[in-house]
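Asker: Sharing a model that was predicted from the sequence below.
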Amino acid sequence: MKVLAFAASSSRSSINKSLVTYTANLIEDAQVDLIDINDYEMPIYSSDRENESGIPQLAHDFLNKIKQADAVMISFAEHNGSYTAAYKNLFDWTSRIDMKVYQDKPAVLLATSPGPGGAATVLAAAKGSAPYFGLDVKADLSVGKFYDQFDMEKSEINNIEIKDKLMTAVSLLK
Ligand SMILES: Cc1cc2nc3c(=O)[nH]c(=O)nc-3n(C[C@H](O)[C@H](O)[C@H](O)COP(=O)(O)O)c2cc1C
C-alpha cells in the first residue's frame, strides 16, 4: 500500500510532521511518501490570478501525488482555529482543478498542538467537509499536549493509550 503523508503545516519544526511521520510508519508493509507542503508553495489564490495565469503546475503535481497513493494521512496544524494559510492555499488551488481533491482515497486525519486543545477545531472542520472533497475518512485523532505525549529524542509516542489509538486508526486504512 502506498500512503501519501504530510503535515498541513509549513513549519520546518512541525510537530504535526513528527506525528504524521511516526503514525504513517506504524502501517505494516506500507510505502510511505512523505511530502512537505513547502515544496508546493504558490502565490496566494485569487480568481484574478487564475484568470490571468491559470493554475500553477504545483497544484497539478499535488493532485497527481494524491492520485498515485492508495491512502492519505494528514496531520493538521491549527492557526487561529482553522487551517494554516500554507495548507489552505495549496488546497484552494488544487480544488480549482478538481473539487474532489482527495479522489475518494481512504484517509486518516490527525491533528496536534502543544496545548490541551490538540487542534481539534481544525480537525473537526477537515472531517466535516471531507465528503465534499472526496476524502474518505476512516479514522481521526486529535492529540493534545504534544510534547507530553511524544519523545522528541526517540521520535515516538510515549503514551500507550495514544499509540493504541493510532494503531487502530492505521489498521482501518487496509
Ligand atoms: C498564528 C498562530 C495561530 C495559532 N492558533 C492556534 C489555535 O487556534 N489552536 C491551537 O491549538 N494552537 C494554535 N497555535 C499554536 C500551534 O498549535 C503551534 O504553533 C503548533 O506547533 C503548530 O503545529 P506545527 O508545529 O505542526 O506547525 C497557533 C500558532 C500560530 C503561529
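Answerer: Looks like it came in fine.
Asker: helix, strand or coil for Met73?
Answerer: Each residue gets one of three states, and Met73 gets strand by DSSP: H, G, I helix; E, B strand; the rest coil.
Asker: can you tell me which residues contact it?
Answerer: Applying Cβ atoms under 8 Å, 6 or more residues apart in numbering, we find Met73 in contact with 3-6, 20, 23-24, 107-110, 170, 173. Where C-beta positions appear, they are placed from N, C-alpha and C, glycine not excepted.
Asker: Go through those residues and say which is closest to the ligand.
Answerer: Val20 (9.1 Å; Cβ to the nearest ligand atom).
Asker: leaving aside the residues next to it on the chain, what's closest to that closest one?
Answerer: Taking Cβ to Cβ, 6 or more residues apart in numbering as the measure, Val20 lies nearest to Ser75, with 3.9 Å between them; neighbours along the chain are not counted.
Asker: That neighbour against Ala7, yeah?
Answerer: Yes - with contact defined as Cβ atoms under 8 Å, Ser75 reaches Ala7; the gap is 4.9 Å.
Asker: who touches both of those two?
Answerer: By Cβ under 8 Å, 6+ apart, the residues touching both Ser75 and Ala7 are Asn16, Lys17, Leu19, Val20.
Asker: Please identify which pair of these lies farthest apart.
Answerer: Longest distance between any two of these is 7.4 Å, between Lys17 and Leu19; criterion Cβ to Cβ.
Asker: Which one's more surrounded, these two?
Answerer: Neighbours were tallied for Lys17 and for Leu19 using other Cβ atoms under 10 Å; the higher tally belongs to Leu19 (25 against 22).
Asker: Now that one: which helix or strand?
Answerer: helix 15-24 (DSSP states H and E).
Asker: Next one: the residue nearest the centre of the chain from the ligand, what distance?
Answerer: In the chain, the C-alpha closest to the average C-alpha coordinate belongs to Ile74, at a distance of 1.9 Å (Cα atoms, centre = their mean). The gap separating Ile74 from the ligand is 11 Å, by Cβ to the nearest ligand atom, to the nearest Å.
Asker: Against Val137, how distant is that residue?
Answerer: Using Cβ to Cβ, to the nearest Å, one obtains 10 Å as the distance from Ile74 to Val137.
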